[in-house]
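Undergrad: From the sequence below, what's the structure:
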Amino acid sequence: MRIVRVSLRNFRSYPSAEVELGEGLTVITGRNGAGKTNLLDALYFGCTGRSARTTNDRELVRFGESVTRVVVTTVAEDGAHELAVAFESGEPKRLTADGVRVERLFDVPGRPLVSVFLPDRLELVKGTPSLRRAHVDQVVAALWPSRTTTRRAYAQALAQRNALLTRVRAGAVSSASLPAWDRELARHGIALMADRAAAIATVAERFPGLAEDLGLDGDPAVAYRPRSRAADADGLAAELAERLQSDLERGFTQHGPHRDDLALTREGRELRAYGSQGQQRLALLALLLAERDAIAATRDAVPVMLLDDVMSELDQDRRGRLVELLRGAGQSVVTTTDLEHVPGAEQPGVRRLSVRDGIVHDDDAREQAA
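TA: As a prediction, this is how the structure comes out:
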């Protein structure tokens, strides 16, 4: 499956636009503030039902308008398909697949997988563990869609245990039923830890080579950091029981997979604390590429890479290597202020677009007409 076209109406800076993507690499040029990043966000929004840049959907609606709509057209072996996302302030978001209303685009069979690199996503490297946990769970879902139920089951059991802790602390009920919830939470927790460990293991095999290709030296590595050392559900339940009194004092569960983390390291030290911003950018890019390759090896699907201003901090050799990696598999969309920053952008097979004054121009068609 590949994305053929994205159509948008009243999305951020665009009153309307219809953009056709190339089969491989698409390069979008334009000055800073022209709307290149907004176009990437529209693609992400149309494929996932949410923005890559904000959790407030009202920010996606063009100023002065009340409704935004994005339509992504794809083509696969069984023909063309259409995903549509519409949002109106004060109304539930409307998601459809081939015209049929759906609750979540993530559950649509054959939905294009997307991976996005934005400058803001550096928070994944240097931000809180909760961001990295959520990202790891997204990788698990992309690798093995059926395993998403494990995380939901764990979250539900955790909420139930926390609610019970609050009631016990308030003296409303006894603590007699807590061991049963410890076992339930541990059962789902061990399964969740196993999924996360397996996902990161597949990514970790690919990460060092890609990181070094992009210029990150010093034995770069990525590793799963579980909070629990338990090998089975009984062990995790025992750890929870040991911390019961402390949990009761605080009113919530302090131990378990909901406290896990992901470590990106160089020379044995975490890039979160000891890496420069340039090193963090390279690590994030290598991580996303390693995840793409891991997903492609596991499933018959290659995530679409959406890369914003990724070339600005790479030298010419690394830019060339990145373009080789992108053109080697699947679709990619890269934004840049200067076409010369993308080696090989003039070659056949590369789709070239530009954004000026809120309008997307087809540079390939203009050259052919000339």
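
Undergrad: Need the nearest residue in space to A296, chain neighbours excluded.
TA: In space, and not counting its chain neighbours, A296 is closest to V302: 4.5 Å by Cβ to Cβ, 6 or more residues apart in numbering. Any C-beta I mention is one placed from the backbone N, CA and C, and that applies to glycine too.

Undergrad: Mind listing what's buried along the host helix or strand of R272?
TA: Per DSSP states H and E: R272 is located in helix 271-274. Across helix 271-274, burial judged by 16 or more other Cβ atoms under 10 Å covers L271, R272.

Undergrad: now what about it, what contacts it?
TA: Here helix 271-274 makes contact (Cβ atoms under 8 Å, 6 or more residues apart in numbering) with V125, K126, A263, L264, T265, R266, Q279, Q280, A283.

Undergrad: Which pair in those residues has the greatest spatial separation?
TA: The most widely separated members of the contacts of helix 271-274, counting by Cβ to Cβ, are A263 and Q279 (14.2 Å).

Undergrad: more neighbours, those two?
TA: Q279 (20 against 16; other Cβ atoms under 10 Å).

Undergrad: what sits against the more buried one?
TA: Contacts of Q279 by Cβ under 8 Å, 6+ apart are L216, R266, L271.

Undergrad: Sticking with it, tell me its helix or strand.
TA: Assigning secondary structure by DSSP H and E places Q279 in helix 277-298.

Undergrad: Could I get the buried residue list for stretch 164-171?
TA: Neighbour counts using 16+ other Cβ under 10 Å place L164, L165, V168, R169 of stretch 164-171 among the buried residues.

Undergrad: And the first one, how far from A157?
TA: Spelled out, that is L164. Distance, L164 to A157, using Cβ to Cβ, to the nearest Å: 11 Å.

Undergrad: secondary structure class for H361?
TA: strand (DSSP: H, G, I helix; E, B strand; the rest coil).

Undergrad: Confirm V333 sits in a strand?
TA: Yes - V333: assigned to a strand according to three-state DSSP.

Undergrad: give the contact list for the closest residue to it other than its chain neighbours.
TA: Ranked by Cβ to Cβ, 6+ apart and with sequence neighbours excluded, the top spatial neighbour of V333 is T26, at 4.7 Å. Residues in contact with T26 (Cβ under 8 Å, 6+ apart) are Q331, S332, V333, V334, V350, R351, R352, L353.

Undergrad: Output the contacting helices and strands for the longest helix seen in the chain.
TA: Using DSSP state H, we find that the single longest helix of the chain is helix 178-213. Other elements packing on helix 178-213 under the criterion 3 or more Cβ pairs under 8 Å, 6 or more residues apart in numbering; DSSP states H and E are helix 129-143, helix 148-169, strand 221-225, helix 233-242, helix 277-298, helix 316-327.

Undergrad: Can you tell me which helices and strands the last one packs against?
TA: If I follow you right, that is helix 316-327. strand 25-29, helix 178-213.

Undergrad: could the ones you listed be laid out in JSON lines, adding distance to H361 and mean pLDDT?
TA: Output for the helices and strands packed on helix 316-327, formatted as JSON lines (distance: least, Cβ to Cβ, whole Å; pLDDT from 0 to 100):
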{"stretch": "strand 25-29", "distance to H361": "9", "mean pLDDT": "97"}
{"stretch": "helix 178-213", "distance to H361": "33", "mean pLDDT": "97"}
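
Undergrad: Output the ones you listed as CSV; include the columns distance to R250.
TA: Supplementary listing: those in CSV, determined by distance: least, Cβ to Cβ, whole Å:
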stretch, distance to R250
strand 25-29, 49
helix 178-213, 14
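
Undergrad: Next one, pLDDT for the residue nearest the centre of the chain please.
TA: The centroid of the chain falls nearest to S115 when counting by Cα atoms, centre = their mean (5.3 Å). Note for S115: predicted pLDDT of 95.

Undergrad: The helix or strand hosting it - contacts with which helices or strands?
TA: In this structure, S115 is located in strand 114-117 according to DSSP H and E. With contacts taken as 3+ Cβ pairs under 8 Å, 6+ apart, strand 114-117 sits against helix 36-48, helix 277-298, strand 304-308.

Undergrad: among the ones you listed, which is nearest R69?
TA: helix 36-48 (9.3 Å).

Undergrad: any low-confidence regions in the stretch 1-150 of the chain?
TA: Within the stretch 1-150 of the chain, no stretch has pLDDT under 70.

Undergrad: if we go to 80?
TA: Applying pLDDT under 80 to the stretch 1-150 of the chain flags residues 110.

Undergrad: In this structure L40 contacts L118, no?
TA: Yes - with contacts counted by Cβ atoms under 8 Å, L40 reaches L118, the gap being 7.5 Å.

Undergrad: what about those two, which has more around it?
TA: Between L40 and L118, counted using other Cβ under 10 Å, the more crowded position is L40 (25 against 20).

Undergrad: got a list of what that one touches?
TA: L40 touches I28, A52, V116, L118, L306, D308, V333, T335, counting by Cβ under 8 Å, 6+ apart.

Undergrad: do that again at 10 Å, thanks
TA: L40 is in contact with 6, 28, 52-53, 114, 116-118, 306-309, 333-335, counting by Cβ atoms under 10 Å, 6 or more residues apart in numbering.

Undergrad: The residue nearest to V333 and C47, how far apart?
TA: T26 sits 15 Å away from C47, going by Cβ to Cβ.
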